[in-house]
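Q: mind folding the following:
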Amino acid sequence: MDDLLIRGATVIDGSGSAPRSLDVAVRDGRISAVESRRTETAAQEIDASGRVLAPGFIDIHTHSDFTLPLNPLAEAKIRQGVTTEVVGNCGFSVAPALPGKAELLAHYLSASAPWLPFTETDFAGYMAAWPDIAVNTVMQVGHNTLRLMAMGMENRAPNESELRHMQQMLAETLDAGALGMSTGLFTPPGLYAEPEEIRSLGRVLKQHGARYSSHIRDESHGVNEAVAEAIDIGESCGIHVQIAHLKLSGIDSWGGAKQLLDAVGAARARGVDVHCDQYPYDTASNPLRFLLPPWIQDAMLARLADPYIRARIRQKLAESGFTNFGRLESWADIRIANSPTARAGKTIDELARERGQDPLDVACDVIIADRGATRILVRSMSEEDVQRIVADPLVMIGSDGPCVAPYGITGQGKPHPRLYGTFPRVLGHYSRDLDLLGLPQAVFKMTGGAAMALGLTDRGTIAEGKVADLVIFDPNVIADQATYDDPHQYPNGIETVIVNGVTVIDRGEHTGALPGRLLRRRGAILASSSEPLPH
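A: Below you'll find the predicted structure:
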């Protein structure tokens, strides 16, 4: 007898095919039958008439390694229908943390992972200690973390010994089953790396059948060149490349989405294995200190108090805008998300008026007061570009955020609403309401398409034998509820979420189940950690 039978659902199977009315049965964690009308019974049955049954959503770009050990119920993501989280993005990862360097890594990631305890560990030990959680996890190692471990924040090319050290740490990580490596070339120490350094690590990825993802070097003035660099790394090394959160940041770059998408399409046409992901909002999020010019990052706290240094920063902002964000309309576009010293929800412009100070002086004072730990939201994109990118069939969906909850330690501050609303926003606002893409296409981008981009072969579509990661939602109701002023709000319309055959969300409520698995790379494919790795 089957464990579960879902009857009468409108099945959108994740392949991009048209919806069909089907019954879907689950046994021992896998889909045991997909039939037009199943006559057998099951231990549990769900009447899904009038509802959509889809594969569980794959959040292809997250930072949930910063929070899932603190929030194993995975509330903000599982309630969106997310069943798999890909972590270790933008060059940032919690491991490896070499002996004597855990505190260094903790300080480096303080604006992104302020509550997470850091311990000395290699990547294999980190994966082995991963806790039981509600969602599946796919891990990457961050290049910034590797570089920090090998040579600190040095603004130079690595010497031969340092490069070998990075290659060795990467190989050890890949042997442990990590998906691949991510870069964050927009901020130190990643931005100090020349393309040949990344290629030398890309060749290690190639040897292991692993993958590469990149927060590119510039998302504003130099975005076209930065996309070309990412494509070149993938093409020259013969590896898959994922371009993170594709966007055009800063008013001087607005309107360029077609050119970017055409460049990616041309690369794919000549055989480059390249994908992109996007979060469907016009606002980004980053540590406040990353807005300042790269040359201030070294010994930042000591230098920021110097009036001469502030004058130089002010001149640079007037010339070209904010680092990696470009020129904004005003300081009102920068909002405090989380901070030890500044009030969450306030814009820099509001703080400046309250304090009777220049906005740049306020920003510098906040960075000094909190030792660089403040995180901000930055409205830097045009809605027209967001819509053009979200409609592209080969751009996948990623929240670019950690998994949080409205309660407990991760419920602090006013984070980006994408943490709670990314997937329902695509399905509701952009697909149903604006009709920018059909529902099968929208589901494909967050299921079957994402699985193909990751080499994930046993999930992402509804078919007999596939792992039973499933979501049931009401297509007429599904919508994001989180806002910038009130972000800690779950979406509407997600009714049932099943992970590895276990129900985690039942009629909209969390069951407390923690059936998620750590998915390890085995050659070029991903599989559950319970399956043996090849030697």
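
Q: contact partners of stretch 93-106?
A: 65-66, 87-88, 109, 113, 116, 118-123, 125-126, 139-142, 145-146, 148-149, 152, 169, 172-173, 182 (Cβ atoms under 8 Å, 6 or more residues apart in numbering). All C-beta atoms are positioned from the backbone trio N, CA, C, and that covers glycine.

Q: that stretch spans what distance, first to last residue?
A: 11 Å (Cα to Cα, to the nearest Å).

Q: if we ignore the residues flanking it in sequence, what's nearest Glu40?
A: In space, and not counting its chain neighbours, Glu40 is closest to Asp2: 6.7 Å by Cβ to Cβ, 6 or more residues apart in numbering.

Q: next one: that neighbour from Asp469, what distance?
A: 17 Å (Cβ to Cβ, to the nearest Å).

Q: go on, Glu196?
A: 40 Å.

Q: which intervals of the chain have sub-threshold pLDDT?
A: For the chain, the stretches with pLDDT under 70 are 298-299, 528-535.

Q: report the buried members of the contacts of stretch 93-106.
A: Buried subset of the contacts of stretch 93-106 (neighbour count, 16 or more other Cβ atoms under 10 Å): 65-66, 87-88, 109, 113, 116, 118, 121-123, 126, 139-142, 145-146, 148-149, 169, 173, 182.

Q: now do the helices in the stretch 101-250 of the chain.
A: 102-108, 123-128, 143-151, 160-175, 195-208, 223-237 (DSSP state H, counting those that start in this stretch).

Q: which one of those has the most crowded surroundings?
A: Per residue and on average, the most neighbours among the helices of the stretch 101-250 of the chain fall to helix 143-151, with a mean of 25 (mean count of other Cβ atoms under 10 Å).

Q: still on that earlier bit, which ones are touching the residue nearest to Glu40?
A: With Cβ under 8 Å, 6+ apart, Asp2 has these contacts: Ala25, Val26, Arg27, Ser32, Ala33, Glu40, Thr41, Ala42, Ala43.

Q: show me where the stretch 201-350 of the chain has strands.
A: Assigned by DSSP state E, counting those that start in this stretch, the strands in the stretch 201-350 of the chain fall at 211-215, 241-243, 274-278, 283-287, 334-338.

Q: let's have the ones you listed in a markdown table, adding mean neighbour count and distance to Trp254.
A: Below are the strands of the stretch 201-350 of the chain laid out as a markdown table (neighbours: other Cβ atoms under 10 Å; distance: least, Cβ to Cβ, whole Å):
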| stretch | mean neighbour count | distance to Trp254 |
| --- | --- | --- |
| strand 211-215 | 27 | 20 |
| strand 241-243 | 26 | 19 |
| strand 274-278 | 24 | 16 |
| strand 283-287 | 21 | 14 |
| strand 334-338 | 23 | 18 |
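
Q: out of those, which comes closest to Val404?
A: strand 334-338 (10.2 Å; Cβ to Cβ).

Q: do I have it right that Glu384 meets Lys258?
A: No: proximity of Glu384 to Lys258 does not meet the contact threshold set by Cβ atoms under 8 Å, at 10.5 Å.

Q: helix or strand next in line after the longest strand along the chain, which one?
A: Using DSSP state E, we find that the single longest strand of the chain is strand 2-11. Once the chain leaves strand 2-11, the next helix or strand it forms, by DSSP states H and E, is strand 20-27.

Q: counting contacts, what elements does that following strand pack onto?
A: Helices and strands touching strand 20-27, by 3 or more Cβ pairs under 8 Å, 6 or more residues apart in numbering; DSSP states H and E, are strand 2-11, strand 30-35.

Q: which non-adjacent residue is nearest Gly256?
A: Leu248 (5.0 Å).

Q: contacts only, for that neighbour.
A: Here Leu248 is in contact with Glu219, Ser220, Val223, Trp254, Gly255, Gly256, Ala257, Leu260, Met381, Ser382, Asp385 (Cβ under 8 Å, 6+ apart).

Q: and Arg211, by the same measure?
A: So Arg211 contacts Gln140, Leu179, Gly180, Leu205, Ile239, His240, Val241, Gln242, Leu454, Gly455 (Cβ under 8 Å, 6+ apart).

Q: now it, nearest residue through space, not along the chain?
A: Gly180 is the one closest to Arg211 (Cβ to Cβ, 6+ apart), at 3.6 Å.

Q: for that neighbour, which residues count as its bridge partners?
A: Taking DSSP bridges as the rule, Gly180 bridges to Gln140, Arg211.

Q: got it, and Val24?
A: Counting by DSSP bridges, the residues bridging with Val24 are Ile6, Val34.

Q: isn't it up against Ile462?
A: Yes: between Val24 and Ile462 there is a contact under Cβ under 8 Å: 6.3 Å.

Q: shared neighbours of the two, anything?
A: With Cβ under 8 Å, 6+ apart as the test, Val24 and Ile462 both reach Val11, Ile31, Val34, Leu53, Leu470.

Q: contacting residues for His416?
A: Tyr281, Thr283, Ser285, Ala337, Leu377, Asp400, Gly401, Tyr484, Pro487.

Q: make CSV out of these and add distance to Leu434.
A: Converted to CSV, these look like this (distance: Cβ to Cβ, whole Å):
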residue, distance to Leu434
Tyr281, 14
Thr283, 18
Ser285, 24
Ala337, 27
Leu377, 23
Asp400, 21
Gly401, 23
Tyr484, 20
Pro487, 22
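
Q: quick one: which two of the residues you listed are the most distant?
A: Asp400 and Tyr484 (15.4 Å).

Q: circling back to that earlier point, nearest to Gly448, of the helices and strands packed on strand 20-27?
A: Nearest to Gly448, of the helices and strands packed on strand 20-27 and by Cβ to Cβ, is strand 2-11 at 12.8 Å.
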